[in-house]
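> fold the stuff below for me.
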Amino acid sequence: MERRGPAAPQSLDFTVENVEQALHQLYYDPNIENKNLAQKWLMQAQVSPQAWHFSWLLLNLDKVPEIQYFGASALHIKISRYWNDIPADQYESLKSQLFSQITRFASGSKIVLTRLCVALASLALSMMPDAWPCAVADMVRMFQAEDSNVDGRARCLALLELLTVLPEEFQTSRLPQYRKGQVRSVLAQECSSVFPLLEQLLQQQDSPGFIKQKVLKCFSSWVQLEIPLMDCENLIQAAFTSLQDPELFDTAVEAIVNAISQPDAQRYVNTLLKLIPPVLGLQEQLRQAVQGGDMETSHGICRIAVALGENHSRALLDQVQHWQSFLALVNMIMFCTGIPGHYPVNETTSSLTLTFWYTLQDDILSFEPDKQAVYQQVYRPVYFQLVDVLLHKAQFPSDEEYGFWSSDEKEQFRIYRVDISDTLMYVYEMLGAELLSSLYDKLGRLLTSTEQPSSWQHTEALLYGFQSIAETIDVNYSDVVPGLIGLIPRISISNVQLADTVMFTIGALSEWLADHPVMINNVLPLVLQALGNPELSISSVSTLKKICRECKYDLPPYAANIVAVSQDVLMKQIHKTSQCMWLMQALGFLLSALQVEEILKNLHSLITPYVQQLEKLADETPNPSNKLAIIHILGLLSNLFTTLDISHHDDDHESTEVKKLPVPQGPNPVVVVLQQVFQLIQKVLSKWLNDAQVVEFCPARCWVRALKCDLRGPSSRQSVCAIFEKSVKTLLDDFAPMVPQLCEMLGQMYSTIPQASALDLTRQLVHIFAHEPAHFPPIKALFLLVTSVTLTLFQQGPRDHPDIVDSFMQLLAQALKRKPDLFLCSSLDVQAVFQCGVLSLKFPEALTVKASCGFFTELLPRCGEIPPVGQVVHENGKLLLQAVLEGIGGQASRSLMDHFAEILFALSKHCFSYLSVWMKAAMQQEGFPSARLSPEQKDTFSQQILRERVNKRRVKEMVKEFTLLCRGLHGTEYTADY
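Prediction:
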């Protein structure tokens with residue numbers, strides 16, 4: 001492989017010399033392009049026929065390990081992937097050569113030895129059971145035979161390495177499913193040749209530590225073959241003994257956990273019961289490790305206890321006569337949950353136990369009532385103790401200590417507290433209202449005690465417990481919540497973490513406050529006060545939003561104060577952008593419950609400063625700084641309009657308060673405001689519409705994501721669309737006065753630079769207003785305009801705009817559904833629209849294809865009632881069928897087959913005479929829609945589709961079956977869940 005520059009090596013022969021040269025280039029050439037070329041060539045070399053020749057030569061002992069490793073890897077690839085290329089009469093020769101090479105490398109390079117063992121393991125798996133019935137026994141016998149050239153200890157290590165990689169290779173092998181089951185059964189039987197050897201090596205006094213470690217790794221590998229647990233009993237006990245040796249501890253833990261965790265292990269209850277005493281026997285070692293700060297040891301012992309308890313709690317609970325030993329195991333796990341120190345700085349063990357408590361509770365509650373009552377009597381006290389332990393573990397460290405924590409440690413602690421919160425919520429199922437009473441009593445004693453001041457951490461943890469339960473459990477009928485609401489103002493808040501939890505707890509109780517409005521005044525002042533603290537930004541704003549959403553009909557007496565405080569913090573720019581948006585949503589909920597005059601008054605004071613700022617920005621020359629300011633202001637307005645709904649479209653319940661509200665008179669306040677600022681928005685838009693930098697700053701995204709408006713980077717044009725899209729959704733028919741202006745503005749925007757957000761807002765307008773004669777003309781004009789612009793985009797090449805194509809197809813489908821008369825317009829090129837739809841079916845993006853299918857399933861039923869549609873389908877339907885069959889034949893994702901089936905069903909139902917001709921012509925093409933199909937299979941599918949014009953579900957089944965045939969997957973393991 002003699003060359004100096006980065007010339008492509010593809011043309012070089014796969015010889016030993018060229019392989020060595022390429023490896024040198026891969027490892028040592030500083031040029032990354034040369035490295036990539038070498039790697040690509042070496043990958044081709046590994047799978048070439050010549051690999052059978054050069055692999056053995058590369059294993060010569062005079063080669064460096066990197067070259068030897070490549071040779072061994074090439075052998076493994078050839079054996080594992082190209083087994084069918086090897087003649088049966090060469091199996092024995094190949095086996096013998098691999099044994100010989102492993103023996104040679106037993107005292108050599110470890111990485112090469114491992115790779116050779118993997119190659120022999122792959123060979124054995126492929127030959128089992130017929131061609132090599134006693135493979136494992138033969139391996140053991142071969143390496144136990146005396147060989148004067150190889151050190152006995154080296155032979156032992158080589159055998160252990162081979163036995164270790166054999167099950168691992170099985171787990172990752174490409175054997176067919178039926179062969180996997182067959183080989184697994186053979187390997188499980190062959191453990192009788194392996195386990196006695198492993199036991200002997202572990203029990204020998206003179207076995208060095210590294211041999212025992214290798215034995216434990218080998219055992220750990222074999223138990224994952226679902227070996228019966230009783231057959232593993234002796235080795236598990238030996239592994240428990242090995243836990244006393246620090247060098248073997250980690251490996252022994254892994255072996256025990258793997259053995260205990262096998263799904264099949266629960267069948268062997270007697271063996272499981274025998275394992276409880278040795279696990280309990282580790283408690284002293286666990287306590288010493290905890291006292292000595294040995295986190296690795298405590299972590300390992302905890303893993304063993306949790307593996308036994310979590311995987312087999314149901315089986316062990318069923319052994320009623322052994323309830324005390326299982327309870328002892330549960331208490332041991334409780335010790336692990338409550339292990340001293342703060343997670344994750346002082347300990348990392350307690351988090352391992354949380355899933356166990358879920359599992360145990362589920363198993364107890366799954367028993368029949370009588371048996372469940374018995375276990376409840378035993379385990380309810382345990383779960384009350386668990387609550388105390390978890391709340392203690394959830395406590396923050398001292399302020400001084402917490403200040404030294406890294407940001408990563410703080411984040412891990414936050415996630416840990418979320419896990420505790422989830423556990424407490426789950427425990428409520430077991431303990432019920434008594435849990436809330438217990439928490440309330442403790443909090444009450446803590447806040448009213450005069451003996452000694454309690455730490456804020458203790459108070460915060462108890463509140464956190466309340467919050468965890470109230471966030472997900474309906475506490476509206478709890479008799480302790482009124483007392484809790486009364487206690488909250490008595491909490492001395494001197495810490496950000498405590499203040500945060502107070503806020504989140506109030507937020508979690510917002511639904512309760514809606515049912516008990518007299519208590520709102522107890523907590524609302526706390527929330528409004530917290531709004532002014534930037535450190536409480538997320539908790540205070542989200543809590544106010546929840547209160548305004550849930551309690552809005554009881555907030556008018558407090559509205560002026562809420563608006564004033566909110567306006568003050570917005571003007572002072574205390575909060576980040578996302579919290580400002582939440583705050584505007586909160587104010588939208590609040591204002592929705594006021595009288596129209598009050599709404600207009602508050603809106604005027606609230607948005608006037610922003611309108612003035614926007615007017616100023618509209619006069620400035622566009623630059624990145626004022627662009628961000630414009631986006632921020634438009635975001636505030638759109639979020640306000642999202643929730644400001646005086647018609648109560650968003651109310652998901654009919655409370656008596658809603659029913660008593662008077663029907664609002666006069667114009668909708670949002671419409672009034674939009675009409676006032678419309679000219680200003682148009683002015684802003686005119687400044688930015690042709691600015692390429694603004695458009696490039698944020699590429700067009702799917703409008704749905706943009707209009708959810710986190711506003712962390714949409715273009716100004718998307719923000720404009722967001723305002724009107726949210727207003728249309730909220731106001732519905734009340735938005736009618738704005739339709740002509742909005743249609744004109746959307747047309748202007750889309751004509752300049754097409755974006756999906758404009759198409760989707762057009763679709764909203766078509767959906768809501770197209771059926772009304774008064775609004776049809778501007779909507780029709782807008783529809784024709786955006787269609788014309790999009791058709792031009794298709795002529796230029798639409799592949800870079802899948803979001804626009806997706807939205808366009810959805811718009812067309814909506815037009816056909818709500819106002820099919822739009823397709824009667826003489827200026828609409830229906831044929832071009834049809835062809836665009838066919839092209840869209842071939843996009844790689846699944847959502848775009850799905851939208852295109854939706855368009856055709858709406859279009860085809862209109863063949864009879866809309867003459868232009870009928871004519872286009874008659875002339876171009878064959879192209880549609882061709883595209884659909886290409887997708888079914890393998891060009892499209894299998895997840896889209898139901899959508900293609902709907903098109904076929906619509907063709908069969910509404911265009912049957914055409915379909916029979918088109919189908920026959922299409923299927924006569926050789927190799928279409930797949931080269932894997934026989935003429936009989938194509939004919940059968942055609943007849944099935946043409947016969948079925950009633951049952952859509954049956955057509956979907958036919959298409960799924962046919963696409964599997966097309967892809968060569970029919971009857972394979974890949975179709976099990978399809």
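
> next SSE after the longest helix anywhere in the chain?
In the chain, assigned by DSSP state H, the helix with the most residues is helix 177-203. Beyond helix 177-203 on the C-terminal side, the first helix or strand identified by DSSP states H and E is helix 209-223.

> number of nearby residues for the nearest residue to M923 once chain neighbours are set aside?
Of all residues not flanking M923 in the chain, K938 sits nearest, at 4.5 Å (C-beta to C-beta, 6 or more residues apart in numbering). Bear in mind the C-beta positions are built from the backbone N, C-alpha and C, glycine included. Close neighbours of K938, defined as other C-beta atoms under 10 Å, add up to 22.

> for the strand or helix carrying K938, packing partners?
According to DSSP H and E, K938 maps onto helix 935-947. With contacts taken as 3 or more C-beta pairs under 8 Å, 6 or more residues apart in numbering; DSSP states H and E, helix 935-947 sits against helix 897-910, helix 912-923, helix 952-967.

> swap in 6 Å and give it another go.
Helix 935-947 is packed against helix 912-923, helix 952-967, with contacts defined by 3 or more C-beta pairs under 6 Å, 6 or more residues apart in numbering; DSSP states H and E.

> most tightly surrounded among these?
Greatest average neighbour count among these goes to helix 952-967 (a mean of 19), per mean count of other C-beta atoms under 10 Å.

> quick one: that helix to helix 935-947, angle?
Here helix 952-967 runs at an angle of 160 degrees relative to helix 935-947 (axes from the mean of the first three to the mean of the last three C-alpha atoms, to 10 degrees).

> run through the residues that contact V19.
V19 is in contact with A45, F54, counting by C-beta atoms under 6 Å, 6 or more residues apart in numbering.

> same thing with F856?
Counted by C-beta under 6 Å, 6+ apart, F856 has contacts I903.

> helix or strand for it, which one?
Using DSSP H and E, F856 sits in helix 846-859.

> low-confidence bits of this protein, can you list those?
Within the chain, the set of residues satisfying pLDDT under 70 comprises 1-11, 146-150, 452-453, 647-667, 688-736, 970-978.

> centre-most residue in it?
Closest to where the C-alpha atoms of the chain average out (C-alpha atoms, centre = their mean) is I415, at 16.7 Å.

> just the element for it, please.
helix 407-431.

> list the buried ones in whichever helix or strand comes after that helix?
Using DSSP H and E, the helix or strand that directly follows helix 407-431 along the chain is helix 433-448. For helix 433-448, a neighbour-count test (16 or more other C-beta atoms under 10 Å) marks L435, L436, S438, L439, Y440, K442, L443, G444, L446 as buried.

> can you give me the angle the following helix or strand past helix 433-448 makes with helix 433-448?
Sequence-wise, the next helix or strand downstream of helix 433-448 (DSSP H and E) is helix 456-470. In terms of direction (the same axes, to 10 degrees), helix 456-470 departs from helix 433-448 by 150 degrees.

> got a list of contacts for the helix holding K938?
L904, S916, M919, M923, M958, F962, L965.

> can you classify G341 by secondary structure?
Secondary structure assignment for G341 (DSSP: H, G, I helix; E, B strand; the rest coil): coil.

> now do it against T459, distance only.
Applying C-beta to C-beta, to the nearest Å, the value for G341 to T459 is 21 Å.

> re earlier: buried stuff in the helix holding K938?
Q937, K938, T940, F941, S942, Q944, I945, L946.

> report the distance from it to the chain centre.
40 Å (C-alpha atoms, centre = their mean, to the nearest Å).

> ditto for stretch 278-286
38 Å.

> what of stretch 415-427?
Taking C-alpha atoms, centre = their mean, one finds stretch 415-427 lying 20 Å from the centre of the chain it belongs to.

> just the CA atoms of that stretch, as CSV, please.
What follows is stretch 415-427 as a C-alpha-only set of coordinates in CSV (Å, rounded to 0.1, in the frame of the first residue of the first chain):
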residue,chain,number,x,y,z
ILE,A,415,-34.1,15.0,40.5
TYR,A,416,-33.7,12.9,43.7
ARG,A,417,-36.3,15.0,45.4
VAL,A,418,-38.7,14.6,42.4
ASP,A,419,-38.2,10.8,42.8
ILE,A,420,-39.1,11.1,46.5
SER,A,421,-42.1,13.2,45.6
ASP,A,422,-43.3,10.5,43.2
THR,A,423,-42.8,7.9,45.9
LEU,A,424,-44.8,9.8,48.5
MET,A,425,-47.6,10.3,46.0
TYR,A,426,-47.7,6.6,45.4
VAL,A,427,-47.5,5.8,49.1
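
> hmm, who's touching it?
Residues contacting stretch 415-427 (C-beta under 6 Å, 6+ apart): Y343, S351, L354, W357, Y358, Y383, L390, A394, G465, S468, I469, T472.

> number of nearby residues for the third one?
If you count neighbours by other C-beta under 10 Å, L354 ends up with 19.

> so it: helix, strand or coil?
Quick answer, by three-state DSSP: L354 is helix.

> do the fifth one as well
Reducing the assignment at Y358 to three states with three-state DSSP gives helix.

> distance of it relative to P344?
21 Å.

> before we move on, what about the third one?
Distance, L354 to P344, using C-beta to C-beta: 14 Å.

> who has more neighbours, G341 and T459?
Taking neighbours as other C-beta under 10 Å, G341 and T459 compare with T459 leading, 23 against 17.

> let me see the contact set for the more buried one.
L446.

> for the longest helix of the chain, which positions count as buried?
Applying a neighbour-count criterion of 16+ other C-beta under 10 Å, one finds 180, 183-184, 186-187, 190-191, 193-195, 197-199, 201-202 buried in helix 177-203.

> what angle sits between it and helix 209-223?
Going by the same axes, to 10 degrees, helix 177-203 makes 150 degrees with helix 209-223.

> give me the distance between helix 177-203 and the centre of its chain.
Centre to centre, stretch against its chain (C-alpha atoms, centre = their mean), the figure for helix 177-203 is 37 Å.

> and that helix, what does it pack onto?
So helix 177-203, by 3+ C-beta pairs under 6 Å, 6+ apart, packs with helix 135-144, helix 209-223, helix 233-242.

> excluding residues flanking it in the chain, which one is nearest K817?
Closest to K817 by C-beta to C-beta, 6+ apart is E858, at 5.6 Å.

> next, count neighbours for that neighbour.
18.

> Q814 is in contact with that one, correct?
No. If you go by C-beta atoms under 6 Å, E858 and Q814 don't touch, sitting 8.4 Å apart.

> got the contact list for S350?
S350 sits in contact with T337, I339, Y343, K393, where contact means C-beta under 6 Å, 6+ apart.

> quick one on the thing from earlier: distance check, the residue nearest to M923 against L885.
For K938, the distance to L885 - C-beta to C-beta - is 10 Å.

> got phi/psi on L61?
phi -70, psi -10 (degrees, to the nearest 10).

> now S80, nearest residue through space, not along the chain?
With sequence-adjacent residues excluded and distances taken as C-beta to C-beta, 6+ apart, S80 is closest to S122, at 4.3 Å.
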